[in-house]
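J.: predicted structure and sequence below. I'll ask about it afterward.
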Amino acid sequence: MNAILSIKPQFVREIVAGRKIYEFRKKGFKKHVKKIYVYASSPICRIVGEFKLGQILEGKPEDIWTLTNKDAGISKEYFDDYYFNKEIAFALEIKSFIEYEKPINPYKALSHFSPPQSFCYVGNELLEMNGNSFFS
């Protein structure tokens, strides 16, 4: 199983630059996920790359920050605002990020695509795309 994560463009840039090794979420996966496709949210609105999912850290936000802050790619203030009044935090380790030369237009590639609020599961549909019609 694979997943698509919505990520703000400024954080996608941090991932591409190698400064963001963890992506933070308020909810964890209920299914076993191997690969993550990165959907850069507005104004880009494209799937811009993929990565293998490394370890998933789960714990109190303050503990997760202690473990990940050097590779978070976000400020402590942003992290604290994101997890305000939350008891559990998830940090997804980004392994082997691949930036696509031509981003994928998910509205053409996936029927009934709607940008996920956080993430959505997807099968191998994105792996099977060979035609240029799916690319930006």
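T.: Alright, I've got the coordinates.

J.: list the buried ones in stretch 107-126?
T.: Going by neighbour count (16 or more other C-beta atoms under 10 Å), the buried part of stretch 107-126 is 109-110, 113, 119-120, 122, 126. From N, CA and C alone the C-beta is placed, and that goes for glycine too.

J.: name the SS class of Lys31, please.
T.: coil (DSSP: H, G, I helix; E, B strand; the rest coil).

J.: ok, it - contacts?
T.: By C-beta atoms under 8 Å, 6 or more residues apart in numbering, Lys31 lies in contact with 1, 121.

J.: Gly49 too?
T.: Contact analysis of Gly49 by C-beta under 8 Å, 6+ apart lists 12, 15-16, 37-38, 97-100.

J.: quick check, nearest of those residues to Glu62?
T.: Set against Glu62, the nearest of the contacts of Gly49 by C-beta to C-beta is Ile15 (23.5 Å).
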